[in-house]
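A predicted structure for the sequence below; I have some questions about it.
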Amino acid sequence: MLSSSQYAGPLTALFAPKAPAGAHSGGGSRTEREDRPSTGLAALLAASASSATRTDKSASAGTRSLPFHSSAPPLPKDWAPVERTALLRSIRQLLGPDNDKQDMNTRSFGSLYDACRTLIVHADAGQDIFDGLKGALQRAVGARASSLRAASSDPKPEAAFAWLDSLAATWQDWCDRIELVRSVLSPLDQNYLLPRKPSGVEPIRDLAMRTFKESIVEDAELQQRLLTAVTLAINTERQTDTANHRDRHAAVLEMLLRLDSYSPLEAAIHESTSEFYQKEASALTESLDVAKYLGYVSQRLSQEEERANALLHGSAGQVKNVSVVLARLVSDHSLLLVAGFPALLQANDVASLARLYALLSRVSGLADLKTAWATELRASGQSMVLDSSIDDTLIERILQYKARTDNIVKEAFGADSEFTHRQQEAFESFINARGNRVAELIAKFLDVKLKQGNKTMTDAELEEALDDALVLFRYTHDKDMFEEFYKRSFAKRLLLNRSASSDAEQSMLLKLKDECGAAFTNKLETMLKDITLSEDIMKGYEMGEARAKADGREVSFDFSAHVLTQAHWPTYPQSELIIPSDMAAVLERFKAYYQSRNSGRRLTWAHSLGTCALKANLPRAGEKELHVSTYQSLVMLLFNDEERLRYEQIKERVGLDDKELRRTLQSLACGQIPTRVLRKDPQGKDVNDGDCFVVNPALKNERQRVRINQIQMADTVEEQSSTRDRVMFDRNMIVDAAVVRILKAKKQIRHAELITEVVDATKSRFAPDIREIKNRIETLIDREYLERVEGERGLYRYVA
């Protein structure tokens, strides 16, 4: 039962005329309504409601209740169709796109609500109203779709954006009107549609949204215009770097998400993104170098990540859009990018290398970069190692290259272990590309550093240099070659007192010991012990000389000797020198002193590393102290008795062989001008038979002490060759011992297995040549250490 305030007469026009001045602005004044005779269903229901209300009030007041008798006339038979038609006409007017919602009479909405409720409750008209509503929605959406189709389809951006604004406005207007319709037809929703929703009946809002979706959003023509306009707006933003269309896009995005029609938009954006960057990348790869292109890609990715977050819904779509950008800008051109890698590496462009690594890692494209990295390192390294003209600075260059590539791995490649591994493989490859030469040069590099020591660098810098050299040492296969050359230079530093720091020497020995084991440094440690023991021996000898001097024996010069264990020191050439009598007497006294305390031992003098300090009174330079080798001192002392000597005379009086004598005379007469204490006639760099020598009267040197014995520190070509030959001889012995040891343990073994085990047994010291192993096997067969098993190809047997 409805109260009189809920329904006030027959349905009026939904949009009532505006009230004249001074009158109420509603859908008609109360007086007008009272004067108008009530007719139809509304009047009858109002009369019944009024009587019922009055009766209820009398009863509640405690008065005597009167029986309720409705005085309303019976409902007309055709009231329901009439009221339904009027209701649906008003709904169509409400949905009409040309009607202004601001002019709607709010009292009319209440009338419509009452009419809808009355029809549903008293006429069971829910299905009829629903069917009529569906038709109204179809016609209203159809009209809007036609209007959108009729709008200009000019492909220019301005026209497309205007159309997009029109669509957004249409959508917003539709949503507003549907909410009004839902309010008016709320009894239909609540009493008829919602209870039937489980059986598939749609509520008003769902029906309205689906109708709009099917007729506009899913219409092939309109959907294409929508997607084209949206992607055009996005590409315009990409080209102009302005975000002027974000609000427009947000409205469209909200519509599509609400209508569950977002997927086509996302797909269109992805496709448009792909096409845009495919064209742009093709143009830019032709005009930009790799470094600039990588900068462009990084900038574009940053922009697209922000753009995807703003314009796409859901992380999956955002990630996919960025993946599309990566595919077009990086994956499609990965070979071109990798081809530009060597130029970036040579330029040490760490920033661009970092961008390249980061981009390729995002598209699973690091495999080609790893290969290019290893290839470039190997090629650059080999170009250095195989250039013999830079041997003097080769180790410094390799260390600088190592530091530079280490920094690239750390800063550009994020300390990627794969790139570190490829770097190590490349360094090992090119460091051994020239056989044992780099191993020799590492030993010489360390010799220079340990002679200079803290004279040219701090202790920390020296330690760092030693550690760096040790890194290269790890890459060498010929560690035995390094050991031999290091031992020779170590011996010279000890014997000639040229080590800048005993602590640094000890530190290096510890590093080598940790790296290669105690056996590797055993001889070196024994050499150090010999030097220490020699100091104790000399203290005893000097005490005896001091007593002899006190007893009146004349001591013409100071003397010092190193007593060395021959097996642990390098071998040195022996010469039958003609020693001046006063010097020979001192040598004999020391020999007698030593043998008196070490019976059974024999001393052999190694004069090649002996040194001497001579006091010289030169014509122009004045009194100088010359630090020379023993060989040089013997030559110089001859000029105390003779003013001019020929080469043959010097040779006869000193006893040196031709090669060593020529080298000694060159150092005295053909060296640097401030150290040329002799003058050769004729002039020239070579010393030949018949050359004459005199003390250089024009020598001028500001230093009081003049060092001329640097020649002793340098290895001659013959010495270097002899050292290599000795290492190769030792290798043969090591291979022979390994073969015999393996055969003795296994009794029988196949050829391939024997080769493998010999390589494994010797690889810690050197990389044996397979052909040389075969030669050693043949030699051992000839020497009857092993034999071939008859009838078994490639099988060896140990011979006890």
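It's in. Remember, predicted model here, so these are calculated numbers, not experimental data.

How many residues are close by the closest residue in space to Ala140 that isn't next to it in sequence?
In space, and not counting its chain neighbours, Ala140 is closest to Leu95: 3.8 Å by C-beta to C-beta, 6 or more residues apart in numbering. Quick note: C-beta positions are derived from backbone N, CA and C, even for glycine. If you count neighbours by other C-beta atoms under 10 Å, Leu95 ends up with 22.

next one: Met209
21.

Could you do Thr458 as well?
There are 9 residues near Thr458, going by other C-beta under 10 Å.

same question, Val201
16.

Can you tell me the SS state at it?
Recorded secondary structure, Val201: coil (DSSP: H, G, I helix; E, B strand; the rest coil).

who's in contact with it?
Val201 makes contact with Phe130, Leu193 under the criterion C-beta atoms under 8 Å, 6 or more residues apart in numbering.

Would you list the phi and psi of it?
Dihedral angles of Val201 (phi, psi; degrees, to the nearest 10) stand at phi -80, psi 130.

mind checking the longest helix of the chain?
Looking across the chain with DSSP state H, the single longest helix is helix 518-550.

one step back: verify the contact between the residue nearest to Ala140 and Gln138 for me.
No - using C-beta atoms under 8 Å, Leu95 is not in contact with Gln138; the gap is 10.1 Å.

Roughly how far does Ile531 sit from Gln595?
Look at Ile531 and Gln595: by C-beta to C-beta, to the nearest Å, they are 20 Å apart.

quick one: which of the two has more around it?
Ile531 (17 against 13).

Could you double-check that the more buried one sits in contact with His562?
Yes - here Ile531 lies in contact with His562, judged by C-beta under 8 Å, at a distance of 6.5 Å.

before we move on, back to that, for the residue nearest to Ala140, give me its contacts.
Ala136, Leu137, Arg139, Ala140, Arg177, Val181.

can you tell me which helix or strand the third one belongs to?
I take that to be Arg139. Element membership of Arg139, judged by DSSP states H and E, is helix 126-150.

Quick one: mean pLDDT over that helix.
The average pLDDT for helix 126-150 rounds to 93.

so how far is it off the chain centroid?
Offset of helix 126-150 from its chain centre (C-alpha atoms, centre = their mean, to the nearest Å): 61 Å.

Any buried residues in the helix or strand where Leu360 lies, and which?
Element membership for Leu360 (DSSP H and E) is helix 350-362. By neighbour count on 16 or more other C-beta atoms under 10 Å, the buried set for helix 350-362 is Val350, Ser352, Leu353, Ala354, Arg355, Leu356, Tyr357, Ala358, Leu359, Leu360.

Enumerate every residue touching the spatially closest residue to the second one that is not a sequence neighbour.
Okay, so that is Ser352. For Ser352, ignoring the flanking residues on the chain, the nearest one in space by C-beta to C-beta, 6+ apart is Ala291 at 4.3 Å. Residues near Ala291 by C-beta under 8 Å, 6+ apart: Gly340, Leu344, Ala347, Asp349, Ser352.

Buried subset of these as a PyMOL selection?
Filtering the contacts of Ala291 down to the buried ones (16+ other C-beta under 10 Å) takes a single PyMOL command:
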select buried, resi 340+344+349+352
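
which among the contacts of Ala291 gets closest to Ala168?
Distances from Ala168 to the contacts of Ala291, taken as C-beta to C-beta, are shortest for Ser352 (43.7 Å).

pretty sure Ile770 is touching Ala752, no?
No - here Ile770 does not reach Ala752: they are 10.5 Å apart, not a contact under C-beta under 8 Å.

what angle separates whatever helix or strand Ser596 lives in from helix 518-550?
Here Ser596, judged by DSSP H and E, is contained in helix 581-597. Interaxial angle of helix 581-597 relative to helix 518-550 (axes from the mean of the first three to the mean of the last three C-alpha atoms, to 10 degrees): 120 degrees.

Would you indicate which residues of the helix or strand following helix 581-597 are buried?
Following helix 581-597 in sequence order, the next helix or strand is strand 611-618 (DSSP H and E). Neighbour counts over strand 611-618 (16+ other C-beta under 10 Å) mark Thr611, Cys612, Leu614, Ala616, Leu618 as buried.

Need the residues that contact strand 611-618.
By C-beta under 8 Å, 6+ apart, strand 611-618 touches 496, 623-630, 632-633, 636-637, 677, 695-697, 699, 709, 712.

ok, now stretch 355-363?
Against stretch 355-363 from outside (C-beta under 8 Å, 6+ apart): 290, 294-295, 297-298, 301, 326-327, 330-331, 334, 337-338, 341, 344, 365-366, 368-369, 412-414, 416.

Which PyMOL command selects the buried ones in these?
Buried members of those can be picked out in PyMOL with the line below, counting by 16+ other C-beta under 10 Å:
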select buried, resi 290+294+297+298+301+326+330+331+334+337+338+341+344+365+366+369+412+413+416
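
So which of the contacts of stretch 355-363 sit within helices?
Per DSSP H, the contacts of stretch 355-363 map to helices at 290, 294-295, 297-298, 301, 326-327, 334, 337-338, 341, 344, 366, 368-369.

if I look at Ile531 and His562, which residues touch both of them?
With C-beta under 8 Å, 6+ apart as the test, Ile531 and His562 both reach Leu494.

Can you give me the neighbour number for the nearest residue to Val184 once chain neighbours are set aside?
Excluding the flanking residues, the one nearest Val184 by C-beta to C-beta, 6+ apart is Leu112, at 4.5 Å. Leu112: 23 surrounding residues under other C-beta under 10 Å.

Surely Leu112 and Ser186 touch.
No - contact criterion C-beta under 8 Å: Leu112 and Ser186 do not qualify, at 10.1 Å.

so where's this protein uncertain?
For the chain, the stretches flagged by pLDDT under 70 are 1-77, 98-107, 454, 555, 709-715.

all strands of this structure, in order?
611-618, 622-629, 644-646, 678-681, 692-695, 705-707, 748-750, 786-788, 795-798 (DSSP state E).

Against which helices or strands is the helix holding Ser596 packed?
Helix 581-597 is packed against helix 518-550, with contacts defined by 3 or more C-beta pairs under 8 Å, 6 or more residues apart in numbering; DSSP states H and E.
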